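Colleague: Generate a structure from the sequence data that follows.
(one chain, ligands or ions: 1)
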Amino acid sequence: MDNTALWNRYQSHLFHDPESGLMLDISRMNFADGFLASMEPTIQKAFAEMAELEGGAIANPDEGRMVGHYWLRSPDLSPADEIAAEIGETVQRIREFAAAVHGGSIAAPDGRPFRKFLVVGIGGSALGPQFVADALGDADNPLPPYFFDNTDPDGMDRVLAQIGPGLAETLTVVISKSGGTKETRNGMLEAEAAYRRAGLYFPRYAVAVTGEGSELDRVATQSGWIARFPMWDWVGGRTSVTSAVGLLPAALQGLDIAGMIEGARLCDQLTRRTETARNPAALLALMWHHATGGKGSRDMVVLPYKDRLLLFSRYLQQLIMESIGKELDRDGNVVCQGISVYGNKGSTDQHAYVQQLREGVNNFFVTFIEVLRDRRGASLPVEPGVTSGDYLAGFLQGTRTALGEKGRESLTITIPEVSPRTVGMLIALFERTVGLYALLVNINAYHQPGVEAGKKAAGTVLALQADIITHLRGTGSSLTADEIAAALGCPDAAETVFRTLLHAAANPDHGIGMEQAKPLTASRFSVQG
Ligand SMILES: O=P(O)(O)OC[C@H]1O[C@H](O)[C@H](O)[C@@H](O)[C@@H]1O
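Modeller: Numbers count the residues shown, from 1 in each chain. Below you'll find the model as predicted:
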């Protein structure tokens with residue numbers, strides 16, 4: 001297609017919302033002329049189901065739950081007055097709590113104001129808050145955030161080292177919808193131990209965001225933590241960033257949560273439209289369907305040309321892949337669905353993998369995210385009449401053209417700037433797109449049966465570890481993994497025994513010694529001391 005034809009295609013399909021400035025360009029996706037018309041009945045059905053979902057239908061049948069993250073921005077849409085009231089009250093409590101922390105009326109036990117906060121969470125209880133904090137954060141925020149988002153001891157040590165003696169001025173927010181996620185429990189205990197080492201009583205520095213009656217809720221209540229904020233069963237972890245999960249950390253950091261909520265609400269209105277060409281989420285969902293054949297046959301490369309949006313792809317990995325990546329469809333057919341998501345930021349990624357995108361295996365489509373505003377204020381010329389921002393914008397267009405010339409497809413989402421409102425819009429845009437796409441491919445986007453398997457297997461490994469150590473202590477001898485597995489009556493677990501002991505021997509915690517042998521798997525292990 002020559003440039004004139006491309007320009008005409010761009011103009012005929014361009015979505016633009018004048019109020020928000022949101023734009024969506026689908027012209028570089030090579031869908032056939034009749035594609036949108038052919039999908040119209042299916043997308044109209046999806047609109048109807050989405051309306052039922054927003055009306056309070058059990059849209060997550062596998063867990064028997066409603067799906068209510070849109071109500072977080074429009075409480076009046078919720079199916080019960082008490083839900084609407086709880087949403088409003090919680091946002092108000094968040095605002096008041098953050099103002100009290102910033103004003104010093106909520107302070108550390110010694111009266112010192114809180115000057116930092118540590119979020120302990122994982123998955124949807126961390127990725128959303130981390131994306132928002134990075135996208136909207138600035139050096140002058142009243143409370144800079146820190147995150148424990150993994151059960152990595154060294155990772156937590158590094159964060160604690162960054163916080164340093166400031167722990168005495170640090171509020172800790174433990175976030176877990178289920179209240180039982182082991183990584184988050186471990187993070188909480190590690191944080192508590194750090195406060196104890198500093199002579200500080202952790203409960204007077206701790207806040208919980210969790211489901212009512214959860215294990216975390218019980219601990220926070222019994223120990224008298226400063227405050228608890230609710231997570232509801234009709235908000236999924238990966239769609240919880242406009243609940244207290246994302247709003248409390250954002251408010252503590254000093255960000256404009258009203259702007260975030262308003263941006264999400266505004267986008268919800270746009271994506272509630274049943275006129276496909278005027279619904280950006282519908283257009284995106286249809287483009288995903290075109291690009292991947294409705295079967296995930298191509299990966300989604302997320303390329304925001306803005307440093308502040310670096311974490312967006314990590315956030316989208318959970319939102320998209322945990323929603324769409326399912327073995328069964330809603331009728332119980334084995335479909336092994338999904339769309340793989342990767343990407344970091346442009347133009348940086350042009351110096352990493354765009355080579356493969358342009359010339360290598362054509363198994364992807366790109367989602368560019370263009371931010372029109374370069375910075376606050378003007379830029380210096382890096383060449384006569386050219387700024388760094390001109391280069392960034394030029395690289396985006398250039399990469400889009402270079403890919404298009406080689407038949408590589410791309411979408412471009414454009415926002416005027418990175419602000420609380422546009423961050424709220426981007427979040428809402430992709431939440432709705434995932435929901436609509438899931439309906440197009442008949443998937444329940446709101447459960448995650450696949451994550452339990454890994455957790456269960458980890459529990460088995462840890463139980464075996466305890467048996468191994470007990471056995472080694474009892475015999476007092478040096479044994480191979482095979483000998484230990486046989487002695488424990490599980491000869492087929494020798495590999496797990498070996499790998500578990502390899503890790504245990506590398507750390508001082510269990511007193512495991514290793515006499516390395518050739519081959520390595522014939523090494524002997526014992527309990528020392
Ligand atoms: O918030 P939590 O209950 O601790 O869950 C944290 C995460 O755990 C699991 O990995 C789920 O698959 C995620 O959807 C969830 O966000």
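
Colleague: Can you name the residues of this protein sitting close to the ligand?
Modeller: Proximity of the chain to the ligand is confined to 122-125, 176-178, 181, 184, 237-238, 322, 448, 451 under the rule C-beta under 6 Å from any ligand atom. For glycine as for every other residue, the C-beta is placed from the backbone atoms N, C-alpha and C.

Colleague: Can you tell me which of the residues you listed has the lowest confidence score?
Modeller: Minimum pLDDT for the residues of the chain next to the ligand is recorded at residue 451 (91).

Colleague: For that one, which non-adjacent residue is spatially closest?
Modeller: residue 322 (7.6 Å; C-beta to C-beta, 6 or more residues apart in numbering).

Colleague: Ok, residue 64 next?
Modeller: Excluding the flanking residues, the one nearest residue 64 by C-beta to C-beta, 6+ apart is residue 58, at 6.0 Å.

Colleague: Neighbours of that neighbour, how many?
Modeller: 14 (other C-beta atoms under 10 Å).

Colleague: Could I get the contacting residues of it?
Modeller: Residue 58 sits next to 64, 65, 66 when contact means C-beta atoms under 8 Å, 6 or more residues apart in numbering.

Colleague: ok so, going back, surely the residue nearest to residue 451 touches residue 238?
Modeller: Yes: applying C-beta atoms under 8 Å, one finds residue 322 in contact with residue 238, separated by 5.4 Å.

Colleague: Those two - which one has more neighbours?
Modeller: It is residue 238, of residue 322 and residue 238, that has more neighbours when counted by other C-beta under 10 Å, with 26 against 22.

Colleague: Assign the residue nearest to the more buried one when sequence neighbours are not counted to helix, strand or coil.
Modeller: Nearest residue to residue 238 in three dimensions, chain neighbours excluded: residue 124, at 4.3 Å (C-beta to C-beta, 6+ apart). When classified by DSSP: H, G, I helix; E, B strand; the rest coil, residue 124 comes out as helix.

Colleague: Correct me if wrong: residue 124 contacts residue 245.
Modeller: Yes: using C-beta under 8 Å, residue 124 is in contact with residue 245, at 6.9 Å.

Colleague: can you list residues touching both of the two?
Modeller: 177, 237.

Colleague: sorry, back to before: next up, the contacts around the residue nearest to residue 451.
Modeller: By C-beta under 8 Å, 6+ apart, residue 322 lies in contact with 123, 238, 448, 451.

Colleague: number of nearby residues for the first one?
Modeller: Read it as residue 123. Using other C-beta under 10 Å, residue 123 has 21 other residues around it.

Colleague: Go ahead and confirm it touches residue 238.
Modeller: Yes: using C-beta under 8 Å, residue 123 is in contact with residue 238, at 7.2 Å.

Colleague: For those two, list the residues in contact with both.
Modeller: 318, 322.

Colleague: What count of nearby residues applies to the residue nearest to residue 238?
Modeller: Counted with other C-beta under 10 Å, the neighbours of residue 124 add up to 27.

Colleague: picking up where we left off before, now the two most distant members of the contacts of residue 322.
Modeller: 238 and 451 (11.0 Å; C-beta to C-beta).

Colleague: give me the element the residue nearest to residue 64 is part of.
Modeller: Residue 58 is part of no helix or strand, with elements assigned from DSSP states H and E.

Colleague: Now it. Its backbone dihedrals?
Modeller: phi -80, psi 90 (degrees, to the nearest 10).

Colleague: distance of it from residue 234?
Modeller: As judged by C-beta to C-beta, to the nearest Å, residue 58 and residue 234 stand 10 Å apart.

Colleague: residues shared between the contacts of these two?
Modeller: Contacts common to residue 58 and residue 234, judged by C-beta under 8 Å, 6+ apart, are 65, 66.

Colleague: buried ones in the longest helix seen in the chain?
Modeller: Ordering each helix of the chain by length in residues (DSSP state H) puts helix 450-475 first. By 16 or more other C-beta atoms under 10 Å, the buried positions in helix 450-475 come out as 464, 465, 467, 468, 469, 471, 472.

Colleague: I'd like to know which elements that helix is packed against.
Modeller: Under the contact criterion of 3 or more C-beta pairs under 8 Å, 6 or more residues apart in numbering; DSSP states H and E, helix 450-475 touches helix 481-487, helix 494-505, strand 524-527.
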